[in-house]
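# Sharing a model that was predicted from the sequence below.
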Amino acid sequence: MQRCIINTQQHCCPCSQISVPYGAFFNITYTLHQICSSDLVSPAWLEFILAYNQTFAVYDSAGYFQRDFRSIGASYFQLLATFCSIAKENIDEALLTLAKAQFVNDRVISKSSFIQQMQNLNNTYTNSIRKEFLITKEWLYTTAQTNQFLNALEINTKILVNNDDFSIIIADLSLAEFSYPNDNSISVNGACSCRRNGYLCSIASILYYNTVNGSQTWHYFIGMDVGCVPLFGLLKSSIDWWYKSIYIEQIRESFAEGIQSKLSPDIHSLDSNISSRFRNDDGTYPEFNVLVDEMLIESWTSDVSRFDLFYSQCQPKSCSYVIDARYPRFVALLILISICGGLNRGFRLPIPMINRVKHFLARVYQSLITMNLFKSTRTNNISQHTERIYKRFYVILMTASIVILLLCTSLNQRSKTETIKAPMNPFEFEQLYRFYSDNLNCPCTQLSISYSNFFSKIEVESFHPVCSSDFVSSNWLIYLGTQYGPPDWTSNQDFRQWGAAYFRTLQTLCSVAKATVTGILENFLSSISVINRIISQDEFNRQMNVTLDHLKGSMPETFIQALTLIRITGQSNGLMNVFSSN
């Protein structure tokens with residue numbers, strides 16, 4: 001088969017099965033970060049910490065710079081398990097879809113071409129999986145930042161009771177903008193409003209545990225941030241403590257203090273000896289947000305070299321190829337000698353015959369002149385002259401009939417197939433198509449072609465002007481999020497109370513829209529167009545325009561579906577936000 005591909009460009013090994021599922025010869029395996037299979041996200045541990053009695057938690061009266069880890073621990077580990085679960089489900093679903101997708105090719109391709117195509121598929125597909133996950137993360141982030149729902153942890157608002165009429169007042173909560181905790185001390189700087197720029201606010205968490213003599217003590221949980229929303233705090237938190245057994249044991253003991261009905265499950269820290277691509281050169285680890293951006297994937301493994309499996313699925317019944325070769329030199333010499341001998345003999349024979357033919361033609365001519373096809377019994381000159389006229393008239397009619405018959409035969413159309421060997425440039429094809437558009441057939445040597453071969457780049461020329469305006473600029477948002485907020489006497493309906501959140505939401509929606517469009521366009525460029533023959537330039541342009549029009553129509557639908565789901569989730573569950581607007 002390799003000799004066939006090397007020596008010809010034709011369909012030398014046609015497949016008996018032109019459509020083969022990728023799962024038959026291509027496989028991608030992956031490994032998630034070990035946190036996703038650890039005790040920290042196990043059902044037993046999650047069930048245990050959810051049973052914690054929050055009355056045992058210690059609350060900072062000001063709520064300004066610290067919070068007991070036990071008050072937010074359940075949300076932290078639940079979110080951690082959720083991200084692992086979403087990542088695994090998205091990857092498994094995408095790989096299952098890929099396994100069922102069809103690789104279309106009507107002939108066996110070379111091994112090198114096969115490996116190259118599989119490598120490209122691996123790179124583009126894994127990249128698209130990760131980007132789709134990032135868009136999901138952005139929507140979660142947008143939902144939390146935009147709606148600012150009240151949460152049971154009371155870390156994004158203050159709920160007060162008016163002593164005069166006992167009405168409920170939902171007030172803004174200010175947290176430290178920057179905090180620098182040590183084991184038993186902390187320094188803070190600035191103030192941060194959860195309403196105006198909640199994604200920036202974070203305070204330190206405190207870890208309570210028992211000492212050797214049984215007394216309770218505490219220290220700041222370095223690396224664990226508490227944000228206005230649990231999601232914000234989780235993404236900004238470091239993962240170093242996952243690998244510290246002393247932290248894990250202190251967390252277990254701390255929760256066990258407030259759970260008397262269940263035995264504490266045995267949990268262990270992560271193994272630092274297991275290699276991780278997220279470990280920095282100095283041995284430290286990044287924030288959890290870095291892991292989420294990489295979909296918590298430690299490694300992708302794909303076997304792109306199983307050409308044998310593809311060949312067995314293709315099942316070619318035969319292979320044929322053409323070799324252009326010259327005669328060997330000794331054979332060419334023998335042929336030349338034979339030709340010379342034949343020409344010598346051939347030239348000797350016809351020369352005497354030419355003289356005899358000349359005399360023969362002269363006699364024939366004389367016979368034709370004197371020949372009489374209409375002889376009669378009369379022998380006078382007048383009768384013979386009349387008979388010769390009849391003969392000549394007869395010859396003229398016969399000759400005319402033969403000529404007419406030959407003309408009719410030659411003018412009658414008949415089909416003839418002309419084959420032009422490749423390669424043929426586009427100009428030559430267009431010339432042929434102009435004259436033979438009805439029956440021109442130029443089969444492709446490659447049945448499936450990626451759209452990236454047609455379009456070097458596809459991009460949206462511009463989004464709505466608001467997405468590039470000052471309303472979503474960093475300077476404007478920083479100004480609105482400053483610690484000097486609106487006066488206390490302004491109501492929740494005052495634009496100054498929720499204006500910062502409005503413009504922040506506008507910026508986020510623009511960002512998510514751009515990311516969604518980019519992901520859709522990249523997926524389109526990596527998709528396959530199936531075509532078995534070359535079409536004209538006009539037909540190609542028409543088909544591509546139809547495809548692009550369909551693509552343009554699908555992009556807003558994808559964005560609107562996600563936005564509608566967020567709206568329905570908030571409305572159907574009756575979730576209340578910090579602005580008391582609902």
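Received it, and whenever you're ready, just let me know what you need. Numbers count the residues shown, from 1 in each chain.

# any weak-confidence spans in the stretch 301-450 of the chain?
Applying pLDDT under 70 to the stretch 301-450 of the chain flags residues 322-327, 343-351, 367-381, 383-384, 387, 391, 409-416, 422-424.

# which residues of it fall in helices?
307-314, 329-348, 350-370, 381-411, 426-435 (DSSP state H, counting those that start in this stretch).

# Next, the angle from the longest one to helix 350-370.
To tie it back to what came earlier, the one meant is helix 381-411. 120 degrees (axes from the mean of the first three to the mean of the last three C-alpha atoms, to 10 degrees).

# The residue lying closest to residue 277 once chain neighbours are set aside: what secondary structure?
In space, and not counting its chain neighbours, residue 277 is closest to residue 298: 6.1 Å by C-beta to C-beta, 6 or more residues apart in numbering. No exception for glycine: its C-beta is placed from N, CA and C like everyone else's. At residue 298, secondary structure determined by DSSP: H, G, I helix; E, B strand; the rest coil is strand.

# got the contact list for stretch 72-83?
Contacts of stretch 72-83 with the rest of the structure, by C-beta atoms under 8 Å, 6 or more residues apart in numbering, involve 35, 40-41, 45-46, 49-50, 52, 153, 155, 205, 224, 226, 230-231, 233-234, 237, 251, 255, 288, 292, 296.

# Now do residue 115 against residue 272, distance only.
Residue 115 is 37 Å from residue 272, where distance means C-beta to C-beta, to the nearest Å.

# and what of residue 51?
The gap separating residue 51 from residue 272 is 30 Å, by C-beta to C-beta.

# Repeat that for residue 264.
23 Å.

# Likewise for residue 341?
From residue 341 to residue 272 the distance is 91 Å (C-beta to C-beta).

# Check residue 223 too.
Taking C-beta to C-beta, one finds residue 223 at 15 Å from residue 272.

# Which one's more surrounded, those two?
Between residue 223 and residue 272, counted using other C-beta atoms under 10 Å, the more crowded position is residue 223 (21 against 15).

# Direction included, what does the helix or strand hosting that one pair against?
Residue 223 belongs to strand 216-227 when elements are defined using DSSP states H and E. Paired neighbours of strand 216-227 in the sheet (DSSP bridges): strand 202-210 (antiparallel).

# Just give the number of residues close to residue 572.
Considering only other C-beta under 10 Å, residue 572 is surrounded by 8 other residues.

# How about residue 570, nearest residue that isn't a chain neighbour?
residue 147 (5.5 Å).

# shouldn't the one you found be in contact with residue 576?
No: assessed by C-beta atoms under 8 Å, residue 147 is found out of contact with residue 576, at 9.7 Å.

# more crowded one of these two?
residue 147 (22 against 16).

# how far away is the more buried one from residue 498?
Counting by C-beta to C-beta, the gap from residue 147 to residue 498 is 11 Å.

# Over to residue 108?
Counting by C-beta to C-beta, the gap from residue 108 to residue 498 is 64 Å.

# the more surrounded of those two?
Counted by other C-beta under 10 Å, residue 108 and residue 498 do not tie: residue 108 has more neighbours, with 24 against 20.

# what are the phi and psi angles of that one?
phi -80, psi 130 (degrees, to the nearest 10).

# That one contacts residue 17, doesn't it?
No: using C-beta under 8 Å as the test, residue 108 is too far from residue 17 to be in contact (11.1 Å).

# Please enumerate the shared neighbours of the two.
residue 314.

# list the contacts for residue 118?
26, 302, 304, 305.

# Return the residues in contact with the first one.
Counting by C-beta under 8 Å, 6+ apart, residue 26 makes contact with 98, 103, 118, 121, 302, 303, 304, 306.

# What of the last one?
With contacts defined as C-beta under 8 Å, 6+ apart, the neighbours of residue 305 are 115, 118.

# Disregarding residues adjacent in the polypeptide, which is nearest to the most centrally placed residue in the chain?
Residue closest to the average C-alpha location in the chain (C-alpha atoms, centre = their mean): residue 523, at 3.1 Å. Excluding its sequence neighbours, the residue lying closest to residue 523 (C-beta to C-beta, 6+ apart) is residue 128, at 5.2 Å.

# Toward the C-terminus, what is the element adjacent to the one helix or strand the one you found maps to?
Residue 128 belongs to helix 111-147 when assigned by DSSP H and E. Proceeding C-terminally, helix 111-147 gives way to strand 158-161 as the next helix or strand, assigned by DSSP H and E.

# Now do that next one: distance to the chain's middle.
How far strand 158-161 lies from its chain's middle: 49 Å, per C-alpha atoms, centre = their mean, to the nearest Å.

# what's that strand packed up against?
strand 168-171 (3 or more C-beta pairs under 8 Å, 6 or more residues apart in numbering; DSSP states H and E).

# what helices or strands is the helix or strand just after the strand it packs on leaning on?
Note on strand 168-171: by DSSP H and E, the next helix or strand toward the C-terminus is strand 174-181. Helices and strands touching strand 174-181, by 3+ C-beta pairs under 8 Å, 6+ apart, are strand 186-193, strand 202-210, strand 216-227.

# tilt between the last one and strand 174-181?
In other words, strand 216-227. 120 degrees.

# Which helix or strand lies directly C-terminal to strand 216-227?
Next along from strand 216-227, by DSSP H and E: helix 230-236.

# With the shortest one instead?
Tracing the chain C-terminally past strand 186-193 and defining elements by DSSP H and E, one meets helix 194-197 next.

# and that following helix, what's its mean pLDDT?
Helix 194-197 shows a mean pLDDT of 77.

# Repeat that for stretch 125-140.
89.

# where's that stretch relative to the chain centroid, distance-wise?
That offset, for stretch 125-140, works out to 11 Å (C-alpha atoms, centre = their mean).

# So what touches it?
Here stretch 125-140 makes contact (C-beta under 8 Å, 6+ apart) with 28, 86-87, 90-91, 94, 98, 231, 292-295, 297, 300, 508, 511-512, 515-516, 518-519, 522-523, 526, 562, 566.

# Of these, just the buried ones, PyMOL syntax please.
The PyMOL selection below is limited to those of the contacts of stretch 125-140 classed as buried (16 or more other C-beta atoms under 10 Å):
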select buried, resi 28+86+87+90+91+94+98+231+292+294+295+297+300+508+512+515+516+519+522+523+526+562
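
# Can you give me the pLDDT of residue 36?
94.

# List the residues that contact it.
Counted by C-beta under 8 Å, 6+ apart, residue 36 has contacts 84, 87, 88, 296.

# repeat that for 10 Å
Contact analysis of residue 36 by C-beta atoms under 10 Å, 6 or more residues apart in numbering lists 80, 81, 83, 84, 85, 87, 88, 291, 296, 297, 298.

# okay, now the second one: neighbour count?
Looking back up the chat, that one is residue 81. Residue 81: 18 neighbours (other C-beta under 10 Å).

# Test my guess that residue 114 contacts residue 306.
Yes: the pair residue 114 / residue 306 is scored as a contact, 8.9 Å apart, by C-beta atoms under 10 Å.

# Which of the two has more residues huddled nearby?
Between residue 114 and residue 306, counted using other C-beta under 10 Å, residue 114 has the larger neighbour count: 21 against 16.

# Just give the nearest non-adjacent residue to the more buried one, would you?
Per C-beta to C-beta, 6+ apart, closest to residue 114 is residue 307, 5.0 Å.

# show me what contacts that neighbour?
25, 108, 109, 110, 111, 112, 113, 114, 115, 118.
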